[in-house]
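> Need a 3D model of the sequence below.
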Amino acid sequence: QWKTWRKKKSRNRWKGQAEGWVEFQSKAIAKRVARSLHNTPIGTRKRSRFRDVLWNIKYLHRFKWIHLSERLAYEKLVRRQRMRAEVSQAKRETNFFLQNVEKSKGLDKLQEIKRKKGQEWQEKSWHFKQRETEMEIQASKAASRKRKARELGKAAEIHDKSQSNVALLAKIFNPAAGQD
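Coordinates of the predicted model:
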């Protein structure tokens, strides 16, 4: 019973943040207010929901009111452009979806007409080349190794056959030494 009463009595803490600007006629007063209120609690009463929230006030040097209005106008313009872009993107997606639905209906009708005429309907199939699996990669590497070994063996055999026979060369170029 105590917990339920306590839950009813507790208030929600303010978790938001508000941004605002104040314009003073005197620069000195503006600086004094900024110094005195910065990092002080907003609410002073014990039961105030803003009791634990602090002011964050800064004096902006050389800041004119026109700068603020220009900045707000620019942010408003950017927000409108972003919204316009999002709306146009949503329209494009919707139109694309509707076009595909219409294409599908047209293909269904064409398929039905072909069936009535007794012709065979062939579905379009898309063939995509998939990446090789690890086993396929290892098998292709092993096959290429075998192929290279065979080629090296043939090359070595041809090299051996093409090597000069010393005895034959001695008979050809030195016939007197070969007859002894």
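> so how far is the longest helix that the chain contains from its chain's centroid?
Determined from DSSP state H, the single longest helix within the chain is helix 65-117. Centre-to-centre, helix 65-117 and its host chain are 21 Å apart (CA atoms, centre = their mean, to the nearest Å).
> what mean pLDDT does it have?
Mean pLDDT, computed over helix 65-117, is 93.
> One more: stretch 173-180?
In the prediction, stretch 173-180 has an average pLDDT of 65.
> element containing Glu123?
Taking DSSP states H and E as the definition, one finds Glu123 inside no helix or strand.
> Could you measure from it over to Leu72?
From Glu123 across to Leu72, the span is 58 Å (CB to CB, to the nearest Å). C-beta coordinates here come from the backbone N, C-alpha and C atoms, glycine included.
> try Arg51
Going from Arg51 to Leu72 by CB to CB gives 31 Å.
> how about the residue nearest to Phe50 when sequence neighbours are not counted, what does it touch?
In space, and not counting its chain neighbours, Phe50 is closest to Gly43: 3.6 Å by CB to CB, 6 or more residues apart in numbering. By CB atoms under 8 Å, 6 or more residues apart in numbering, Gly43 lies in contact with Arg49, Phe50, Arg51, Val53.
> Next one: the second one, what pLDDT does it get?
What the model reports for Phe50 is a pLDDT of 75.
> Phi, psi for it please.
Per-residue torsions, Phe50: phi -100, psi 20 (degrees, to the nearest 10).
> and the following helix or strand past the longest helix of the chain, how far out from the chain's middle?
Elements were assigned by DSSP H and E; along the chain past helix 65-117, the next helix or strand is helix 134-162. Here helix 134-162 is found 44 Å from its chain centre; the criterion is CA atoms, centre = their mean.
> roughly how far is the next helix-or-strand element following helix 134-162 from the heart of the chain?
Counting by DSSP H and E, the next helix or strand C-terminal to helix 134-162 is helix 166-173. For helix 166-173, the separation from the chain centroid amounts to 75 Å (computed by CA atoms, centre = their mean).
> Report the backbone C-alpha coordinates of stretch 93-107 in PDB.
Presented in PDB, the C-alpha positions along stretch 93-107 are these (Å, rounded to 0.1, in the frame of the first residue of the first chain):
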ATOM      1  CA  GLU A  93       8.800   4.400 -54.000                       C
ATOM      2  CA  THR A  94       5.000   4.300 -54.200                       C
ATOM      3  CA  ASN A  95       5.000   4.800 -58.000                       C
ATOM      4  CA  PHE A  96       7.600   2.100 -58.500                       C
ATOM      5  CA  PHE A  97       5.500  -0.300 -56.400                       C
ATOM      6  CA  LEU A  98       2.300   0.500 -58.300                       C
ATOM      7  CA  GLN A  99       4.100   0.000 -61.600                       C
ATOM      8  CA  ASN A 100       5.300  -3.400 -60.500                       C
ATOM      9  CA  VAL A 101       1.800  -4.300 -59.400                       C
ATOM     10  CA  GLU A 102       0.400  -3.300 -62.800                       C
ATOM     11  CA  LYS A 103       3.200  -5.300 -64.600                       C
ATOM     12  CA  SER A 104       2.400  -8.300 -62.500                       C
ATOM     13  CA  LYS A 105      -1.300  -8.000 -63.400                       C
ATOM     14  CA  GLY A 106      -0.500  -7.700 -67.100                       C
ATOM     15  CA  LEU A 107       1.800 -10.700 -67.000                       C
END
